[in-house]
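Visitor: Below is the sequence, then the predicted model.
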Amino acid sequence: MRERKNRPPIQVHALPETLAALRTHIFNGVIWPDFTRLPSAEHPMLALVPIAVGDVLELNGKRVEVLSAVHTVPAVGYAVDGGTAGWWVYTGDTGPNPALWERLATMKVAHLVIETAFGDDERQLARISRHLCPAALGHELQHLAGSVDVHITHIKPGERAAVMAEIGKLGSPHKIRALEIGDVMRLIDEPKRAYA
């Protein structure tokens, strides 16, 4: 194994409850080795770093704010500050979440990645599991001012066409589409090009 003395550990940022679950159920010497103590306690490969809603992290020169999520297990979302281009927001798994919209009302949101796991025919399952369905998404998006690029994620396998058809009927002012593998979202202002 290569010497790690001059390399910092990989940092995993998560809620304390999530870190406790990782320690208990994953990095426990049964499922995986405890990389927070390997190759040595002084020079581990992994560092588990607790975060809380409202924390602002500086990661690779970007400000990342930890956002509220409402789910059946401890969860958060994130907002990445894109400067004058606006914020890129990822809700994480969440059901209806007033605290999220209260915070986003103070931000210039450029992109919103939000889950819509179930179709409206499974709205009861969505409610119980604290996910969104198109009707709930429509209600939540009413709290988001302006016209934002909204990217739908976490659609259950085989349900994409039906869920997106239901979302298409919402009549939202936002530009809504399913997130695709390979999509690129620009978080910084790019210089304008002059064309001859």
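Guide: Looks like it came in fine. Numbering: from 1, shown residues only.
Visitor: got the domain boundaries for this protein?
Guide: Domain assignment of the chain by automatic domain parsing yields the ranges 9-50, 52-178.
Visitor: Point out the most buried one among those domains.
Guide: Among these, ranked by average contacts under mean count of other Cβ atoms under 10 Å, first place goes to domain 52-178 (a mean of 17). All C-beta atoms are positioned from the backbone trio N, CA, C, and that covers glycine.
Visitor: can you list the weak-confidence ranges in the chain?
Guide: Across the chain, the ranges flagged by pLDDT under 70 are 1-5, 186-196.
Visitor: now the helices: where do they sit in it?
Guide: With DSSP state H as the definition, the chain shows helices at residue ranges 16-25, 98-104, 123-128, 134-141, 160-168.
Visitor: now the ones you listed as CSV including distance to Thr72?
Guide: Putting the helices of the chain into CSV (distance: least, Cβ to Cβ, whole Å) gives the following:
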stretch, distance to Thr72
helix 16-25, 12
helix 98-104, 16
helix 123-128, 8
helix 134-141, 15
helix 160-168, 20
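Visitor: Gly82: which of those is closest?
Guide: Closest to Gly82 of the helices of the chain, according to Cβ to Cβ: helix 98-104, at 14.1 Å.
Visitor: counting contacts, what elements does that closest one pack onto?
Guide: Under the contact criterion of 3 or more Cβ pairs under 8 Å, 6 or more residues apart in numbering; DSSP states H and E, the helices and strands touching helix 98-104 comprise strand 62-68, strand 76-81.
Visitor: hey, C-alpha coordinates of the first one in CSV?
Guide: Which is strand 62-68. The C-alpha atoms that make up strand 62-68 are tabulated as CSV, following Å, rounded to 0.1, in the frame of the first residue of the first chain:
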residue,chain,number,x,y,z
LYS,A,62,-17.1,26.4,-3.9
ARG,A,63,-19.5,27.3,-1.1
VAL,A,64,-21.9,24.4,-0.4
GLU,A,65,-24.8,24.9,2.0
VAL,A,66,-26.5,22.0,3.8
LEU,A,67,-30.2,22.2,3.3
SER,A,68,-33.2,20.6,5.1
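Visitor: That one - contacts with which helices or strands?
Guide: Under the contact definition 3+ Cβ pairs under 8 Å, 6+ apart, strand 62-68 sits against strand 56-59, strand 76-81, helix 98-104.
Visitor: need those in TSV with distance to Leu179, can you?
Guide: Listed next are these as TSV, based on distance: least, Cβ to Cβ, whole Å:
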stretch	distance to Leu179
strand 56-59	21
strand 76-81	15
helix 98-104	18
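Visitor: Any idea which of the ones you listed gets closest to Asn6?
Guide: Taking Cβ to Cβ as the criterion, strand 56-59 is the member of those that comes nearest to Asn6, at 20.6 Å.
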